[in-house]
Structures are given as C-alpha cells and as structure tokens.
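*Asks:* from the sequence below, what's the structure:
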Amino acid sequence: MATTPDFHGLYPPLTTPFAPDGSVSLSLFRENIARYNRTRLAGYVITGSTGESLLLRWEEMERVWETAREAAASGKIMIAGTAAEATAETIEHTSRAAELGYDAALVRTPHYYRPQMNPDALAEYYLRVADAARIPILIYSVPIFTQLAVEAPLALRLAQHPNIAGMKDSSGNLKEVAAILDGAPPGFRLLVGSARTFCQSLEKGAAGGILAVSCALPELCVEIYEAHRAGDSARARSLQEKLMAPAEVLGPRYGIPGLKYAMDRLGYHGGPPRPPLLPIDSAAQREIDAMLAGLVPESAVRR
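*Replies:* Below you'll find the model as predicted:
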C-alpha cells in the first residue's frame with residue numbers, strides 16, 4: 001500500500017480538451033498542465049466530474065491518466081477519478097491508476113440504482129474498493145449529480161478504514177462538513193468541492209479543495225487557501241467574496257460548458273464539451289465575459 005499524501009491545498013479537477021473531430025486532444029491537455037505546473041496548486045484530479053469522465057471511453061480515460069502523469073511537475077499530488085457503477089470495475093480502474101503511479105483514487109458513489117444505495121450498500125462498496133486498492137481512497141460525495149450524499153454517519157464509519165484517507169464533499173452543506181470534521185480520526189482529510197463554501201469549510205477544518213472553478217482561476221483559489229493558512233481570515237474572506245460570482249456562473253449556472261468557455265478566454269484550452277453537453281449560447285458568453293472583466297485584468301482576457 002502506498003504512502004498516504006497529506007492532501008492539503010488546491011487540486012483542480014482538470015477539464016478534458018477535445019479536438020474538432022470530437023476526440024480527446026492529449027496535446028492540448030499537456031499544454032494546460034504545463035501552465036498549471038507554474039502555479040502553487042498542490043496537485044491535480046484527473047477524470048473527475050469536471051473532466052467529463054462519464055463521457056469518456058475507458059481507453060480514453062487510460063490515455064488521459066498516462067498523459068497527465070507524464071506532464072505533471074514533480075511533487076504534484078496526482079489523484080485519479082476511478083469510479084464505476086460496479087464494484088469490480090472500480091477496483092480494476094483503481095489498480096490501473098496505481099500501476100501508473102497515481103497517489104490516490106477519487107471514488108464517486110455508485111448511484112444508478114439509487115433506491116438500493118443505502119448506507120450499508122455504500123459502505124460495502126467503499127470497503128471492498130479500499131481493501132483491494134494499492135493506493136489511498138478518497139470518498140466522493142457529489143449529490144448535485146448523483147442525488148446521493150455521503151452523510152456524516154457513513155463518512156465517519158468509512159473513515160476508520162486505514163486505506164480510506166479522506167473525502168471530497170461537494171454538497172455545500174457546512175453542517176455536514178462540520179460533523180464529519182468533528183468526528184473524523186486524525187489524518188482523515190476533507191477536501192471541499194463547493195467553491196461557494198470554500199473559505200467557510202477551511203475555517204471548520206477542511207484540508208483544502210477540489211474546485212472546478214480553479215481550472216480557470218487557480219491563482220485566486222490558491223490565494224484564499226494561503227490566506228487562511230497564514231491566519232489572515234479577513235483577506236481569505238475578502239477573496240472568497242471575489243470567488244462567489246465565478247463559483248455560481250461557472251458552476252451550477254453554466255457548468256462544464258461555461259467553465260471551458262472561461263478557460264478559453266483566460267488562455268487555457270477549454271474548447272467544446274462532449275455531447276450530450278452543449279456549448280453555451282451567446283448570451284451566456286456575454287455574461288461570463290462581463291464577470292471576467294470585473295475579476296481579472298483586461299490584458300488577461302483573450303478577445
């Protein structure tokens with residue numbers, strides 16, 4: 001079993017660029033990572049929700065993992081999204097991520113058979129994956145997509161497993177975040193997935209964040225984290241206020257297509273989403289342009 005990273009800091013769930021013919025563009029992906037390597041990001045999440053993982057074929061996911069592992073700067077913590085609906089397939093994916101040298105696996109809740117996905121079924125799933133995995137496991141609770149939350153009693157039950165190192169909580173529920181942090185054993189790290197509650201979650205003891213918006217605005221997200229770590233609560237909260245508009249516009253309002261458009265405007269390779277996701281329309285583009293104009297220097301925005 002691999003050594004468990006500390007998981008403090010910011011981890012963007014990297015987007016997956018697509019070529020005009022719809023295939024994955026590994027060259028553009030490398031270029032994005034080369035730019036992220038120059039930031040103070042702690043590491044990267046590959047093929048998470050923001051990476052459109054559910055829209056990738058298995059062979060594409062594997063090539064994306066290989067490319068990211070090669071392109072990432074030394075010292076960056078690498079986390080692979082390995083979840084599938086079937087326990088056995090999740091174990092298979094996690095084993096492959098371990099073979100490629102990933103530091104941890106982010107494992108989303110199975111959810112298609114949601115009425116049967118009670119706490120006992122979810123516990124069995126995570127415990128089997130954790131028993132088999134050669135790298136640490138991070139639970140991934142993302143109810144906005146799955147309609148299924150890993151609540152504090154289940155999270156604390158799973159936290160006792162020596163190979164379940166932490167959790168990404170994207171619920172935005174600060175009460176649940178606090179309950180998990182209050183009851184978790186030492187070394188269990190909670191990474192917040194809700195940009196709108198990032199600073200407040202850090203104040204409650206979260207170790208960092210896996211924030212989709214950090215794909216477009218990594219420096220701002222890192223500054224919030226670093227201000228908090230330095231004990232400058234006033235600056236952290238002020239920066240959090242700046243993050244609120246992009247957290248909404250590039251999150252729930254326009255999702256991955258909006259985030260990719262903002263990345264294009266800021267010099268990254270965003271590009272189109274993969275169908276059935278649709279690109280944003282001209283009105284949404286104007287709204288994002290206006291939001292960016294009030295947030296970053298004019299020289300930083302592509303015209």
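*Asks:* if you count neighbours, what's buried in the host helix or strand of Ala68?
*Replies:* If you go by DSSP states H and E, Ala68 is part of helix 58-71. Using 16 or more other CB atoms under 10 Å as the test for burial, helix 58-71 gives 60-62, 64-65, 67-69, 71. Just so you know, the C-beta spots here come from the backbone N, C-alpha and C atoms, and that holds for glycine as well.
*Asks:* other residues contacting that helix?
*Replies:* The contact list for helix 58-71 (CB atoms under 8 Å, 6 or more residues apart in numbering) reads 14, 16, 24, 26, 29-30, 33-34, 37, 44, 46-47, 51, 53, 56, 78, 80, 93, 96-97, 100-102.
*Asks:* filter those residues to the buried ones?
*Replies:* Neighbour counting by 16+ other CB under 10 Å classes 14, 16, 24, 26, 29-30, 33, 44, 46-47, 51, 53, 56, 78, 80, 93, 96-97, 100, 102 among the contacts of helix 58-71 as buried.
*Asks:* where along this protein do the helices fall?
*Replies:* With helices called from DSSP state H, the chain shows them at 26-36, 58-71, 87-99, 119-132, 143-146, 152-158, 174-183, 198-204, 218-229, 233-248, 255-265, 282-293.
*Asks:* determine which of the ones you listed approaches Thr3 most closely.
*Replies:* helix 87-99 (12.4 Å; CB to CB).
*Asks:* list the contacts of the residue lying closest to Glu176 once chain neighbours are set aside.
*Replies:* Of all residues not flanking Glu176 in the chain, Ala152 sits nearest, at 5.6 Å (CB to CB, 6 or more residues apart in numbering). Residues near Ala152 by CB under 8 Å, 6+ apart: 176, 179-180, 183.
*Asks:* next, the contact list for the residue nearest to Pro17 when sequence neighbours are not counted, please.
*Replies:* Leaving aside its chain neighbours, Pro17 sits nearest to Leu28 (3.9 Å; criterion: CB to CB, 6+ apart). Counting by CB under 8 Å, 6+ apart, Leu28 touches 17, 19, 269, 271.
*Asks:* same thing with Val177?
*Replies:* 169, 171, 190, 192, 197, 201, 204, 206 are the contacts of Val177 under CB under 8 Å, 6+ apart.
*Asks:* and what of Val222?
*Replies:* 9-10, 39-41, 214 are the contacts of Val222 under CB under 8 Å, 6+ apart.
*Asks:* could I get the residues you listed as a markdown table with neighbour count and distance to Glu124?
*Replies:* Shown next, in a markdown table, are these (neighbours: other CB atoms under 10 Å; distance: CB to CB, whole Å):
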| residue | neighbour count | distance to Glu124 |
| --- | --- | --- |
| Gly9 | 19 | 32 |
| Leu10 | 25 | 32 |
| Thr39 | 15 | 39 |
| Arg40 | 12 | 39 |
| Leu41 | 22 | 34 |
| Ser214 | 28 | 33 |
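*Asks:* closest to Ile280 out of those?
*Replies:* Closest approach to Ile280 among the contacts of Val222 (CB to CB): Ser214, at 19.5 Å.
*Asks:* how close does Thr50 sit to Pro110?
*Replies:* Taking CB to CB, to the nearest Å as the measure, Thr50 falls 19 Å from Pro110.
*Asks:* these two: which is more packed in?
*Replies:* Using other CB atoms under 10 Å as the criterion, Thr50 and Pro110 rank with Thr50 on top: 25 against 22.
*Asks:* and Leu106, what does it touch?
*Replies:* 45, 48, 79-83, 138, 140, 168, 210.
*Asks:* what about burial for the contacts of Ala152, which qualify?
*Replies:* Counted by 16+ other CB under 10 Å, those give 176, 179-180 as buried.
*Asks:* what's the closest of those residues to Ser238?
*Replies:* Distance to Ser238 across these (CB to CB) is lowest for Glu176, with 25.9 Å.
*Asks:* that closest one reaches Glu151, doesn't it?
*Replies:* Yes. Counting by CB atoms under 8 Å, Glu176 touches Glu151, with 6.1 Å between them.
*Asks:* so who does Ala105 touch?
*Replies:* By CB under 8 Å, 6+ apart, the contact set of Ala105 is 79-82, 93-94, 97-98, 129, 133, 135-138.
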